[in-house]
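K.L.:
sequence and predicted structure below; questions after.
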Amino acid sequence: AQSVTQPDIHITVSEGASLELRCNYSYGATPYLFWYVQSPGQGLQLLLKYFSGDTLVQGIKGFEAEFKRSQSSFNLRKPSVHWSDAAEYFCAVGFRGGGNKLTFGTGTQLKVEL
Amino acid sequence: DGGITQSPKYLFRKEGQNVTLSCEQNLNHDAMYWYRQDPGQGLRLIYYSQIVNDFQKGDIAEGYSVSREKKESFPLTVTSAQKNPTAFYLCASSPKTGREQYFGPGTRLTVT
């Protein structure tokens, strides 16, 4: 069965520092990959998505992610974090032939120190 | 504005009562989903529907029921058979040809 791992439950960074959130997946087929962000008590907002093509994808709010097939990873990055980026981040994976079903990781809580 | 609405935002019920959570979308999306979110467990799929009058069980369907009589609406009933119903419930939708899902604001259900 497919699975998604976000190995970091909590991450704390200083405002202005760079950020990388890790995501690894286990799939037999070619995956679709997503990153979502959730503020407390709110729904999830789509940050970026990868279906095919260029393995470095740009998203909203200055985020980017890189798909590395050899490492089964889709890590999220931001060069300079803002205090408003504090939230919970979820990686999600789907696959061709799986309909529109997604499997979500357990999330990474980001704290930003001023 | 197009989007997904969930109501109410907060819901309180006594144990043993069934409760229905509303989810409406005006995005003209074909597929709709219900997830349950618990701290530290991410999102778990309860039910999903890809077309009107059809739906499938997700990973944790026991104690829940759904209907899909209209494209825009996908209500979720939490029955008294659900052993631990207190959670944050999220509804989502996706277009037929797309793969990404769009989420509503969620309903927090507390059962005492």
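P.N.:
Structure received.
K.L.:
what helix or strand is the residue positioned nearest the centre of chain B located in?
P.N.:
In chain B, the C-alpha nearest the mean C-alpha coordinate belongs to B:Trp34, at 3.0 Å (Cα atoms, centre = their mean). Using DSSP states H and E, B:Trp34 falls within strand B:31-37.
K.L.:
flag the shaky bits of chain B, pLDDT-wise.
P.N.:
B:1-2, B:97-98 (pLDDT under 70).
K.L.:
need the residues of it near chain A, please.
P.N.:
B:4, B:6, B:31, B:35, B:40-45, B:48, B:50, B:58, B:88, B:90, B:92, B:94, B:98-106, B:108 (Cβ under 8 Å from any Cβ of the partner chain). All C-beta spots, glycine's among them, are computed from the backbone N, C-alpha and C.
K.L.:
go with 6 Å
P.N.:
Contacts of chain B with chain A, taken as Cβ under 6 Å from any Cβ of the partner chain, map to B:31, B:42-43, B:90, B:94, B:99-100, B:103-106.
K.L.:
closest to A:Leu44 among the residues you listed?
P.N.:
B:Phe103 (4.3 Å; Cβ to Cβ).
K.L.:
so who does that closest one touch?
P.N.:
For B:Phe103, the contacting residues are A:43-44, B:90, B:92, by Cβ atoms under 6 Å, 6 or more residues apart in numbering or on different chains.
K.L.:
at 10 Å what do you get?
P.N.:
A:36, A:38, A:42-46, B:3-4, B:6, B:33, B:35, B:43, B:90-93 (Cβ atoms under 10 Å, 6 or more residues apart in numbering or on different chains).
K.L.:
so which of those residues sit within helices?
P.N.:
Among the contacts of B:Phe103, no member falls in helices (criterion: DSSP state H).
K.L.:
narrow those residues to those in strands?
P.N.:
A:36, A:38, A:44-46, B:4, B:6, B:33, B:35, B:43, B:90-93 (DSSP state E).
K.L.:
sorry, back to before: dump the residues of chain B next to chain A to CSV, plus distance to B:Ser65.
P.N.:
Output for the residues of chain B next to chain A, formatted as CSV (distance: Cβ to Cβ, whole Å):
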residue, distance to B:Ser65
B:Ala31, 18
B:Gly42, 23
B:Leu43, 19
B:Leu90, 17
B:Ser94, 22
B:Arg99, 27
B:Glu100, 27
B:Phe103, 21
B:Gly104, 19
B:Pro105, 22
B:Gly106, 19
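K.L.:
picking that back up, filter the ones in strands among the contacts of B:Phe103 down to the buried ones.
P.N.:
Among those, the ones that count as buried by 16 or more other Cβ atoms under 10 Å in any protein chain shown are A:36, A:38, A:44, A:46, B:4, B:6, B:33, B:35, B:43, B:90-93.
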